[in-house]
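**Q** curious how this folds, go ahead:
(one chain, ligands or ions: 2)
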Amino acid sequence: MTEENVLEALKNVTYPGFTKDIVTFGFVKDVAVDGSNVSLTIDITSSADEVKAQLTDEATTELKKAGFENININITAPQAPKQMSNSVSGKNIAPQVKNFVMVSSGKGGVGKSTTSVNIAIAMAMQGKKVGLLDADIYGPNIPRMMGVDDQKPEIQGNKVMPLKAYGVEIMSMGSLMEPGQSLIWRGSMIMKAIEQFLRDILWSELDVLVIDMPPGTGDAQLTLAQSVPVTAGITVTTPQEVSLDDSRRSLDMFQKLHIPTAGIIENMSGFICPSCETESDIFGMGTTEPVAKEYDTHVIARIPIEPAIRVGGDTGMPVTYHKPDSETAKRYQTAATDLLAFIDKVNAEGGADNQAIQPTTPPGVSACSTGA
Ligand SMILES: Nc1ncnc2c1ncn2[C@@H]1O[C@H](COP(=O)(O)OP(=O)(O)O)[C@@H](O)[C@H]1O
Ligand SMILES: [Mg+2]
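**A** Ligands and ions are numbered 1, 2, ... in the order given. As a prediction, the model looks like this:
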């Protein structure tokens with residue numbers, strides 16, 4: 001008996017719901033024949049138990065007809081889809097994106113954009129489909145940091161194609177405006193812009209969209225949380241007490257907006273001297289741990305001050321990609337792994353849900369209406 005006999009027999013097994021057989025589909029793998037013993041794998045796309053049972057039965061029947069006696073069929077299928085971001089009870093205006101990560105901070109200049117860039121690239125290097133949305137409408141730095149500041153996105157109808165660099169899809173107000181232009185916007189316009197970034201950008205089917213927020217807790221944060229179920233919130237802080245005070249506000253916001261808190265990134269934590277590679281304490285180190293405990297979360301990473309990080313940001317050559325062996329790149333990689341594990345955990349527990357923070361007025365009724 002040969003592999004040919006096996007494939008010939010299995011051509012009689014159609015994939016449930018389709019007219020094609022499982023051999024033609026290419027689902028049959030790892031066939032091993034030893035006399036009348038056969039073992040094989042059927043690698044299917046459905047995770048439904050009925051499909052698995054039906055295929056095992058039919059394949060066994062066909063192989064027996066062909067004269068095999070000991071039949072060992074292993075079926076591999078993706079895990080049953082978890083109730084992820086596309087939860088029916090919540091609102092998601094970008095349903096092709098599975099998970100949303102909000103990167104926030106109490107104040108500006110602490111390294112939010114640097115963190116967003118390097119974590120997004122690290123996740124892409126780990127095989128995920130990743131997007132990076134620069135929601136810092138007043139201070140869009142992502143295009144420069146990702147090295148796409150000279151590129152203009154392609155318009156398709158009334159939608160916009162994201163830019164792409166380092167395996168990451170990118171969109172930013174900076175890519176839509178002329179360089180140096182400033183914006184003076186009202187809150188309602190910021191809310192509109194955030195919605196358009198989610199609805200009118202042609203994001204692919206992404207595993208994760210990392211969203212670099214403006215500093216603080218305002219309209220942009222609320223709009224984002226109401227528009228899509230945010231799977232994970234990350235707060236970036238520097239170790240000084242003054243920054244920590246602000247990051248408490250950011251952690252408090254995650255709780256109020258029902259955003260699962262992935263943790264804190266302590267940035268500019270110690271200094272790595274470029275000439276001797278030793279790490280020394282400048283702004284303090286480890287001050288973030290007690291704040292993490294207060295909010296029942298943990299410190300995802302401590303990223304030292306490293307001149308290469310600043311240079312990488314200014315020149316559009318992020319360390320995670322361009323200096324993968326550096327200490328900081330390794331820490332971003334570990335942080336990305338940690339974040340992905342957290343996302344899996346949130347999804348395994350039912351996924352993020354923004355139902356509770358939707359505006360309470362019924363559709364068509366303005367929140368300002370007096371109800372007459
Ligand atoms: N760990 C670090 N080491 C060295 N420079 C850093 C580090 N983190 C951020 N920077 C630099 O500090 C500046 C502010 O960082 P940025 O990410 O733009 O902050 P934010 O987005 O919070 O305003 C940038 O020039 C960036 O390159
Ligand atoms: Mg920024």
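**Q** please count neighbours and contacts with C-alpha atoms only from this point.
**A** OK.
**Q** which residues touch R248?
**A** Contacts for R248 (CA atoms under 8 Å, 6 or more residues apart in numbering) come out as G106, V291.
**Q** list the buried ones in whichever strand or helix holds it?
**A** Using DSSP states H and E, R248 maps to helix 241-256. Residues of helix 241-256 classed as buried: S243, L244, D246, S247, R248, R249, S250, L251, M253, F254 (neighbour count, 16 or more other CA atoms under 10 Å).
**Q** among those, which ones lie close to ligand 1?
**A** Applying CA under 6 Å from any ligand atom to those, one finds that nothing falls near ligand 1.
**Q** which of these sits closest to Q54?
**A** Relative to Q54, the closest of the buried residues of helix 241-256 is F254; by CA to CA it sits at 45.5 Å.
**Q** the closest one and P307: what is the separation?
**A** Per CA to CA, to the nearest Å, F254 is found 31 Å from P307.
**Q** so what's the residue count around the nearest residue to A165 once chain neighbours are set aside?
**A** Take A165 and drop its neighbours on the chain: the residue closest to it by CA to CA, 6 or more residues apart in numbering is M146, 6.6 Å away. Using other CA atoms under 10 Å, M146 is surrounded by 26 other residues.
**Q** and if you look at R186?
**A** The number of residues packed near R186 is 9, by other CA under 10 Å.
**Q** same question for the one 3 residues further on.
**A** Neighbour count of M189, defined by other CA under 10 Å: 13.
**Q** element containing it, please.
**A** M189 is part of helix 187-199, with elements assigned from DSSP H and E.
**Q** tell me the buried residues in that helix?
**A** I190, M191, A193, I194, E195, F197, L198, R199.
**Q** and stretch 228-244, by the same measure?
**A** Neighbour counts using 16+ other CA under 10 Å place 228-240, 243-244 of stretch 228-244 among the buried residues.
**Q** extract the CA atoms of that stretch and return them as CSV.
**A** C-alpha atoms of stretch 228-244 as CSV (Å, rounded to 0.1, in the frame of the first residue of the first chain):
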residue,chain,number,x,y,z
VAL,A,228,-13.9,50.2,19.1
PRO,A,229,-13.5,47.8,21.9
VAL,A,230,-10.0,48.5,23.1
THR,A,231,-8.3,45.2,24.1
ALA,A,232,-5.4,46.6,26.0
GLY,A,233,-4.3,49.9,27.4
ILE,A,234,-0.6,50.7,28.0
THR,A,235,0.6,53.7,30.0
VAL,A,236,4.0,55.1,29.3
THR,A,237,5.7,57.1,32.0
THR,A,238,9.2,58.3,33.1
PRO,A,239,10.3,57.3,36.6
GLN,A,240,10.0,60.8,38.2
GLU,A,241,7.2,61.3,40.7
VAL,A,242,5.7,64.2,38.6
SER,A,243,5.2,61.9,35.6
LEU,A,244,3.9,59.1,37.8
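**Q** now the strands for the protein?
**A** Here the chain has its strands, by DSSP state E, at 28-34, 37-43, 70-76, 97-104, 130-134, 155-156, 159-160, 163-165, 168-172, 206-212, 232-237, 261-272, 279-280, 299-305.
**Q** export the ones you listed to a markdown table and tack on distance to A9 and mean pLDDT?
**A** Output for these, formatted as a markdown table (distance: least, CA to CA, whole Å; pLDDT from 0 to 100):
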| stretch | distance to A9 | mean pLDDT |
| --- | --- | --- |
| strand 28-34 | 12 | 94 |
| strand 37-43 | 12 | 93 |
| strand 70-76 | 13 | 93 |
| strand 97-104 | 39 | 97 |
| strand 130-134 | 42 | 97 |
| strand 155-156 | 48 | 91 |
| strand 159-160 | 49 | 93 |
| strand 163-165 | 46 | 96 |
| strand 168-172 | 44 | 97 |
| strand 206-212 | 38 | 97 |
| strand 232-237 | 48 | 97 |
| strand 261-272 | 50 | 92 |
| strand 279-280 | 65 | 80 |
| strand 299-305 | 53 | 94 |
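**Q** circling back to that earlier point, of the buried residues of helix 241-256, closest to S36?
**A** Closest approach between those and S36, by CA to CA: F254, at 60.6 Å.
**Q** return the residues in contact with the closest one.
**A** F254 is in contact with G233, P260, T261, counting by CA under 8 Å, 6+ apart.
**Q** what about the first one, distance to ligand 1?
**A** Going back to what we said before, that points to G233. 15 Å (CA to the nearest ligand atom, to the nearest Å).
**Q** please apply the same query to the last one.
**A** Relative to ligand 1, T261 is positioned 18 Å away (CA to the nearest ligand atom).
**Q** what sits against the closest residue to that residue other than its chain neighbours?
**A** Excluding the flanking residues, the one nearest T261 by CA to CA, 6+ apart is G233, at 4.8 Å. By CA under 8 Å, 6+ apart, the residues touching G233 are V101, M102, V103, S104, F254, I259, P260, T261, A262, G263.
**Q** bridged to the residue nearest to the spatial centre of the chain, which residues?
**A** Taking CA atoms, centre = their mean, the centroid of the chain lies closest to V208, which sits 1.8 Å from it. On the basis of DSSP bridges, V208 is bridged to N99, V130.
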